[in-house]
Every structure is written in structure tokens, then in C-alpha cells.
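In: coordinates for the following, if possible.
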Amino acid sequence: MTKLIPHPALKYVTPDTVAECWDGIGDDLYGALWACVGKYDNAYRENIEDIGPHDVIGINAVTDFWADFTPEQQIKLNAVAADQQAAWEELK
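Out: Now for the predicted structure:
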């Protein structure tokens, strides 16, 4: 089986942001994205209560958890990311 490479946009966004803010996320993918939150690396902050997904771009990104998703979910994530990038391009 060919290893799926994540869409580049997934390097800069956290799973919870994708789950809540991007269109086209179904229930299965929504749950899988939220399951990653408990695995977030919080070591870069002194006060754990102040951690937010906006604090450091690229830490706890979807790509950090890529192996946790099924191949079907990876395909869906790439499709959703491509749609999101296309929407961003329209804003230019």
C-alpha cells in the first residue's frame, strides 16, 4: 500500500481547529480529530492552563498525528485541506 502524504496545509493547523472550523468533516473524522487533543504536546509552555492552539503554529499540527488516522480518514483530510486551500486562494 502506498503511504499517503499529508496536504501541506495540515502542517499548520491543529486537529481541533480542523474539526471545528473546516467544512466537509463528517462524524467519523470529527471524532478522530478530537481524539488527538489528549495527545497534544504541552511541554513548550510553562503554564499549562494558558495553552491554546493559536500559541505556536506547527506544534500539535494534524501532521503530528497523521499515523493515527486510517487511510480513508487521511484521504478525507487531504480532500478537505485541498478544498480549504482553494477557498483561501479565492480570498487573495
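In: what is the burial count for the closest residue to Phe65 other than its chain neighbours?
Out: The spatially closest residue to Phe65, leaving aside those adjacent along the chain, is Cys36, at 4.4 Å (CB to CB, 6 or more residues apart in numbering). Every residue, glycine included, has its C-beta placed from N, CA and C. Counted with other CB atoms under 10 Å, the neighbours of Cys36 add up to 20.
In: wait, Cys36 touches Ala67, no?
Out: No - contact criterion CB atoms under 8 Å: Cys36 and Ala67 do not qualify, at 10.9 Å.
In: hmm, back to that, where does the residue nearest to Phe65 land on pLDDT?
Out: Note for Cys36: predicted pLDDT of 94.
In: got the contact list for it?
Out: By CB atoms under 8 Å, 6 or more residues apart in numbering, the contact list for Cys36 reads 15-16, 60, 62, 65, 68.
In: so of the residues you listed, which two are at opposite extremes in space?
Out: Spatially, the most separated pair among the contacts of Cys36 is Asp16 and Asp68, at 13.8 Å (CB to CB).
In: how about the helix or strand Lys76 falls within: buried residues?
Out: In the assignment (DSSP states H and E), Lys76 maps to helix 71-90. Buried residues in helix 71-90, defined by neighbour count with 16 or more other CB atoms under 10 Å: 73-74, 76-78, 80-81, 84.
In: which strands or helices does it pack on?
Out: helix 27-35 (3 or more CB pairs under 8 Å, 6 or more residues apart in numbering; DSSP states H and E).
In: got any ranges where the protein has weak pLDDT?
Out: 1, 43-57 (pLDDT under 70).
In: now with 90?
Out: 1-3, 40-60, 87-92 (pLDDT under 90).
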